[in-house]
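please find the sequence and the predicted model below.
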Amino acid sequence: MTTLGALIPSEESYSLAHQKAYEEWTAGYEAVNKALLCNQSLALMSKKPDTGAVTTNTDAVTTNTDAVTTNTDAVTTNTDAVTTNTGAVTTDTGAVTTDTGAVTTDTVSTGANGTDTGARRCGDTMELWATANRAFLNCAKVSVSNAASTKSK
């Protein structure tokens, strides 16, 4: 069985491991510095000195000396008087004609054996729809009732 004390490194072994890591880091740091210095030296040695003469631009500068022409024409302003229409407005005061004719209603007439020979009024159509709807609902109730009684048997 391992004890907790066996897992913790002694101060001496910790110091040795720390010292070794520090030495490895220092050696790596120094190697990088040497490589950088070497690269800088090579770059400086490969740079050629600038021995070329300085060239000065001696071209003459041309200035535009053309005269500027300004428009001095007088501006003409329209001073004509504005004419306003002051005539009276004519209003249509004629009487409005209203249609007072009687409204003709389509009546239902029946022929032989009570058959409808005229157009149905809206109320009749709604009544027929309501009757058909009630018949459908009654039929549905009977179907549900029959299905329930069949299940219970």
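Yep, that arrived. Predicted model, so just to flag it, every value in this text is computed and none were measured.

how close does residue 25 sit to residue 32?
Noted for residue 25: a distance of 11 Å to residue 32, by Cβ to Cβ, to the nearest Å. Where C-beta positions appear, they are placed from N, C-alpha and C, glycine not excepted.

pLDDT at residue 1, what is it?
In this prediction, residue 1 carries a pLDDT score of 51.

SS state for residue 18?
Residue 18 falls in the helix class when you classify it by DSSP: H, G, I helix; E, B strand; the rest coil.

now do residue 84
Quick answer, by three-state DSSP: residue 84 is coil.

show me where this protein dips below the pLDDT cut-off.
Within the chain, the stretches with pLDDT under 70 are 1-14, 48-50, 96, 99-129, 140-153.

according to the record, where do the domains of it fall?
11-44, 121-152 (automatic domain parsing).

quickly find the element holding residue 25.
Element membership for residue 25, per DSSP states H and E: helix 11-46.

please enumerate the helices of the chain.
4-7, 11-46, 122-152 (DSSP state H).

ok, residue 136 - how many residues close by?
Applying other Cβ atoms under 10 Å, we find 10 residues neighbouring residue 136.

so it versus residue 130, what's the distance?
If you go by Cβ to Cβ, the gap between residue 136 and residue 130 works out to 11 Å.

one more: residue 45?
111 Å.

more neighbours: these two, which one.
residue 130 (10 against 7).

gap between the two ends of stretch 88-98?
This stretch, stretch 88-98, spans 30 Å end to end (Cα to Cα, to the nearest Å).

for residue 28, what are its contacts?
By Cβ atoms under 8 Å, 6 or more residues apart in numbering, the contact set of residue 28 is empty.

mind checking how far it is from residue 53?
From residue 28 to residue 53 the distance is 48 Å (Cβ to Cβ).

report the separation between residue 86 and residue 60.
74 Å.

do residue 78 as well
Residue 78 is 53 Å from residue 60, by Cβ to Cβ.
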